[in-house]
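Q: what follows is a predicted structure for the sequence shown.
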Amino acid sequence: ETGVTQTPRHLVMGMTNKKSLKCEQHLGHNAMYWYKQSAKKPLELMFVYNFKEQTENNSVPSRFSPECPNSSHLFLHLHTLQPEDSALYLCASSQVDIQRGGYTFGSGTRLTVV
Amino acid sequence: SQQGEEDPQALSIQEGENATMNCSYKTSINNLQWYRQNSGRGLVHLILIRSNEREKHSGRLRVTLDTSKKSSSLLITASRAADTASYFCATENDYKLSFGAGTTVTVRA
């Protein structure tokens, strides 16, 4: 366990379903992130939350909707996804005001859209 | 957007040999970080080197940074089968990390 927990580990959903990915960190970090990792492609930064405020939305389609109710929890709500959205979704956290360590990643949610 | 690019894309070495991979990036950075990812899992932070540092060591890892060439290298000495993984460089600017596509390292027993 890294200190960042993602659930579920695997998710298969139809294109008309609505589901949510959950991320939880108990490291006392003040920033959380969603990344998408597709096969043979670099990690893509999707959303950034600093101190619970969304500070970045990298042109992500509206079928992905993030929610950060507090500094320890981050959700990614999914609806009407497309097969090309199948990927590994990684959550990470960091302490933005300290340049000592890097990001701490969760183990990811492997999403398959059918 | 992708900032770092790793080279080579894949590397296969014998156990005990050294593995070297390189990373090039395009814009100014606050720091550069290296991560490891075992198949289908999350990324594990290995080492961070600040823009004013040139070399850093951590166990069997040695990282160099040349800001004039916008490049970094990661050396793994005396490799082990457990080092088999994908390795990513990531550049930090404005508290955001941008990753390269990674180098896949296979260590043969």
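A: Received, thanks. Numbers count the residues shown, from 1 in each chain, chains lettered A, B, ... in the order given.
Q: look at residue B:82 and give its secondary structure.
A: Using DSSP: H, G, I helix; E, B strand; the rest coil, the secondary structure recorded for residue B:82 is helix.
Q: per-residue confidence for it?
A: According to the per-residue confidence, residue B:82 scores 95 in pLDDT.
Q: that one: how many residues sit nearby?
A: Other residues near residue B:82 come to 9 when the count uses other Cβ atoms under 10 Å in any protein chain shown. Heads up, the C-betas are built off the backbone N, CA and C, glycines and all.
Q: now swap in the one 5 residues further on and tell me
A: By the other Cβ under 10 Å criterion, the neighbourhood of residue B:87 contains 24 residues.
Q: residues in contact with it?
A: B:6, B:21, B:34-37, B:46, B:74, B:102-103, B:105 (Cβ atoms under 8 Å, 6 or more residues apart in numbering or on different chains).
Q: helix, strand or coil: sort out it for me.
A: When the rule is three-state DSSP, residue B:87 gets the label strand.
Q: excluding its backbone neighbours, what's nearest it?
A: residue B:103 (5.0 Å; Cβ to Cβ, 6 or more residues apart in numbering or on different chains).
Q: ok, now residue A:3?
A: Computed as Cβ to Cβ, 6+ apart, the closest residue to residue A:3 that is not its neighbour in sequence is residue A:27, at 4.5 Å.
Q: hang on, the earlier thing: give me phi/psi at the residue nearest to residue B:87?
A: Taking degrees, to the nearest 10, you get phi -120, psi 130 for the backbone angles of residue B:103.
Q: in chain A, which residue is closest to the centre?
A: Compute the mean C-alpha point of chain A, and by Cα atoms, centre = their mean the closest residue is residue A:34, 2.9 Å away.
Q: thought that residue was touching residue A:87?
A: No. With contacts counted by Cβ atoms under 8 Å, residue A:34 stays clear of residue A:87, the gap being 11.2 Å.
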